[in-house]
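Asks: With the input below, show me the fold.
(2 chains)
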Amino acid sequence: MSRRNYLIRRVIQAIFSLWVIATILFFLFRLGLPDPTAALITEGLNAEQRAAVRAQFGLEDPLWRQYLLYLWNAVQGDFGLSFANRAPVASVVWERLANTMVLMIPAIVLAYVIGVPLGAWLSWKRGTGTDTGGIALGLMFRSAPPFWTGMIVILVLGVWLSAFPTSGMRTLPYDADGFLDKIFTLDFLHHLILPALVVALFYLGSPLLIMRNTMLEVYGEDFIEMARAKGLPERRILYNHAARNALLPVVTQLAVTIGLAAGGQVAVEGVFSWPGLGREIFRAVGTSDFPLAQASFLVLAAFIITLNLLVDILYTALDPRVTFQ
Amino acid sequence: MTLPPFLRAAAKPLRLMGQDRMAMIGLAVLSLVILMALFAPLLATHDPHSVNEIEEGSVLERGEARWTLRPSLGELALNDAASDAARDLIVGRDGTIWHRPEGGDWTQPERLTEVDLHGVDISPEGRGLIVGAESTILLQNGGDWAAIDAPDPGAELRGVAWYDAQTAFMTGAGEQIWRLDAETGEITQIESPVGRGFPLNSVARDHDGTLLAVGERGLVVRIDPQDDSTELVRLPSSRDFNHIYIAESGAALVVGERGTVLRRDDPDADWESGQAPDTRAMRAGWIGDDGTAIAVGRSGIVLEWNGGDWQVAPTESERHFRAILVRGDEMLALGSDNFVDRLARPSADHWFGTDHIGRDLYSQNVYGSQIALMVGFIAAGLVVLIGTNVGLIAGYFRGRTESVLMRTVDVLYGIPTEPFALILVLLFGPSLLIIILAIALLTWRTVARLIRSQVLSLRERPFVKAARVAGASHLRIMYLHIFPNVLPLVFLELAIITGAAIIAEATLSFLGLGAPQSISWGGILHDARLSGAWRTAWWWNLPPGAFIMLTVMSVFFISRSLEVIANPRLRARE
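Replies: Purely as a prediction, here's the structure:
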């Protein structure tokens, strides 16, 4: 199969996945929330007004028409109005996703920048006490639930030492013209440090252990023997020959982690009152704001699927051994 | 006896694990946690759901900004206090007496009685007089206390006040008014004007030489010591009165149930009913010669008079206060009968302290292990069961079967894990089953992919081809020939996913989506966060997370050694 055919098939597959997920989501919500407008009773809407809302969302139509309408709207990126704040759902979702990514990407990058060289170094020290200690440390970080680490960090650094703010993205009140204006400030950085640190610690274990293990596998390859036979210094073999070849699984893991992180860490966002997408989904489903919950979930799924697609494409570019079957 | 190859293959990883120290540590820790879950009822020191109350000789001192707790005097409630220039006396439950000379420390004289002591007063010449339940009367002669026989042995005496150096009056729960002659030890019973058995809780000497006794239903009796006559006095309230205090100057304060505070600013003024900002029972009052006044009561309520009205003073504790002791600038509120032992620091009784409603945190943590392990193991078992079979079938049959199964796995990879679990639990209600499904329904995708890729290479190996030629059925080849070879990988995934599932369960519980009525480590952290106390109560949020970390770490340690078994290339070469 040619590379082009492979790519086309892969894209079709991604679209198919998205459609299946959208369908599952639609029926999941109809099953779990037979009358989404029930939540509106608390807002003081009477039966007639609720019927009007139901009509507005097409909830009086037969199920198949609702489903088609839902798909059609989703394709156009129109997710309707949020029950809670009557704002267009799409704008809310994009803003929350950006908030999440601005926390997750620095944290994950930090985790990989520290974890990858550390993992390579541990593989070099294989079998020693350093290796064992490093592995134990990596496993420990991965075992501690990040929301708990967050609570402890807030307790020590935020409350006892008062060194860092413990909630939100900025000190309130603030005004900012748009997203970039909001994040390119020292105040934002100050707010970012604690949650990013906590997330980075949690993700540190994966690159560290994957890098170490892949390095050990690479050490068995012939070209390493060759390099040794040439009399190259051990350090040079480690970083120039072995590490480069061991990076591939780490890159895959990086993309997967970013995809999962987009909607992950709901609890961490909760602990730090970070207005991210995970917290928004939690809030939306909790208050039966089903347009917002559906849209957030769908956007997340699209994001993850796109990332997985990119990884596969990247993979074919990075590793010529990958065949297009 | 020869084991079937299936079991022999399963036993191999276990034998290899025995040589890995890290795995053995993990196994040991995990065993301890499992034992903790199994024997939770034996290990727990308290019922994890029950609210713990304690009694204590609490001392609360008025500070600059707020009333703060001082080291408590024993473990029994303190009921009344009295002081003169030379010393202070406190009496309490079960015969508790505390004594403090001026400038000295509190000491406890030898216990004279086991009955509850309710009142104490010191005569103008410095003689102490204590009254209590079962008609207990203790009079001080020099330094020694001596019991005085009462005419009616069953009376519960509540109030006591000296009239002069020789005469004292006592009141009791059966409307008793007794006069004591301290020289002869003789007691005269005085008739109350009402005579219906209403408790008279407190008595004090008024400036004009009479005594005022207060009691339930607004009962106030004036006693004239000259002729032992009594007279009913009307105060502007008919609530139960608990305590009366009259200062040298004649300023007086009466406190009672439901926030009752009545003050008389000088001997000739009328009694005024103050607007108390709290309606809890006030148990003791104090008024100074300059008009400053305090009243203390249940649930840590301390009222201070600011010249115009009563205000609730900020206090550190919610103990129930029953007495006030004032010496110079030092003001103490004393208590406390059973109060909810909330947010207590770790102690011998509560090893991990207590939470915001007084539940024992150590016991909660012990029981928390049950949910964590149950969800962890069941979810991981389910995941591995689905994932292994899908991987085996897809890898073995290939073709259309493989396409359908693996495309399903691809679709699953597009679903965000945590939000999916959230939506499932929120839509279908939190129960143990839904939580396990929320974790398991997506996670099997990883296992399926891993197993399939292994099976793909195994199915081309000679032993599989040989089996096929020998006429073995598909099922037999898949489960008896191929499956044992992927067992190390299955065990590895089982361990990793157990850890991940424990964290996932903790996360859901932390978000308040745990199974209702159950105790889990995440749930404890949820309570801590919801109560807001986690920013100070480190003993509350430290242990559950540490337990999660230890448990997950133990399975990860085990998984590390399984990883080496599943992938021999990882073994350290020298």
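
Asks: Settle this for me: residue B:67 is touching residue B:58, isn't it.
Replies: No - using Cβ atoms under 8 Å, residue B:67 is not in contact with residue B:58; the gap is 11.0 Å. The way it works is simple: take the backbone N, C-alpha and C, and place the C-beta from them, glycine included.

Asks: Find the residues that touch each one of the two.
Replies: When contacts are counted by Cβ atoms under 8 Å, 6 or more residues apart in numbering or on different chains, residue B:67 and residue B:58 have residue B:317 as shared neighbours.

Asks: quick one, which of these two is more surrounded?
Replies: Taking other Cβ atoms under 10 Å in any protein chain shown, residue B:67 and residue B:58 do not tie; residue B:58 has more neighbours (27 against 23).

Asks: ok, that one to residue B:66 distance?
Replies: Note on residue B:58: its distance to residue B:66, by Cβ to Cβ, to the nearest Å, is 15 Å.

Asks: for residue A:147, same thing?
Replies: Noted for residue A:147: a distance of 33 Å to residue B:66, by Cβ to Cβ.

Asks: the more surrounded of those two?
Replies: residue A:147 (27 against 12).

Asks: Tell me the helix or strand right after the helix or strand in which that one is found.
Replies: Of the helices and strands defined by DSSP states H and E, residue A:147 is found in helix A:146-153. Once helix A:146-153 ends, the next helix or strand along the chain (criterion: DSSP H and E) is helix A:178-183.

Asks: Spell out the residue ranges of the helices in the stretch 151-300 of chain A.
Replies: Assigned helices in the stretch 151-300 of chain A, in chain order: A:178-183, A:186-219, A:222-229, A:234-236, A:243-263, A:266-271, A:277-286, A:290-318 (criterion: DSSP state H, counting those that start in this stretch).

Asks: quick one: the fifth one to chain centroid distance?
Replies: It stands for helix A:243-263. 12 Å (Cα atoms, centre = their mean, to the nearest Å).

Asks: I'd like the average pLDDT over that helix.
Replies: The average pLDDT within helix A:243-263 is 81.

Asks: Report the inter-axis angle for that helix versus helix A:222-229.
Replies: Here helix A:243-263 points in a direction 130 degrees away from that of helix A:222-229 (axes from the mean of the first three to the mean of the last three Cα atoms, to 10 degrees).

Asks: What residues of helix A:243-263 count as buried?
Replies: Under the neighbour-count criterion of 16 or more other Cβ atoms under 10 Å in any protein chain shown, helix A:243-263 has A:243, A:246-248, A:250-263 buried.

Asks: which residues sit in contact with the residue nearest to residue B:552 when sequence neighbours are not counted?
Replies: Leaving aside its sequence neighbours, residue B:552 sits nearest to residue A:143 (Cβ to Cβ, 6 or more residues apart in numbering or on different chains; 3.7 Å). Residue A:143 is in contact with B:499, B:503, B:548-550, B:552-553, B:556, counting by Cβ under 8 Å, 6+ apart.

Asks: where in the chain is pLDDT low?
Replies: I went with chain A, as the question did not name one. A:1, A:34-46, A:56-58, A:85, A:172-173, A:264, A:319-325 (pLDDT under 70).

Asks: hmm, I had chain B in mind actually
Replies: Using pLDDT under 70, chain B drops low at B:1-14, B:571-574.

Asks: what helices or strands is the longest helix along it leaning on?
Replies: Longest helix in chain B by number of residues (criterion: DSSP state H): helix B:361-397. When contacts are defined as 3 or more Cβ pairs under 8 Å, 6 or more residues apart in numbering or on different chains; DSSP states H and E, helix B:361-397 sits against helix B:21-38, helix B:40-43, helix B:399-413, helix B:432-458, helix B:483-510, helix B:521-531, helix B:538-566.

Asks: Great, nothing more from me.
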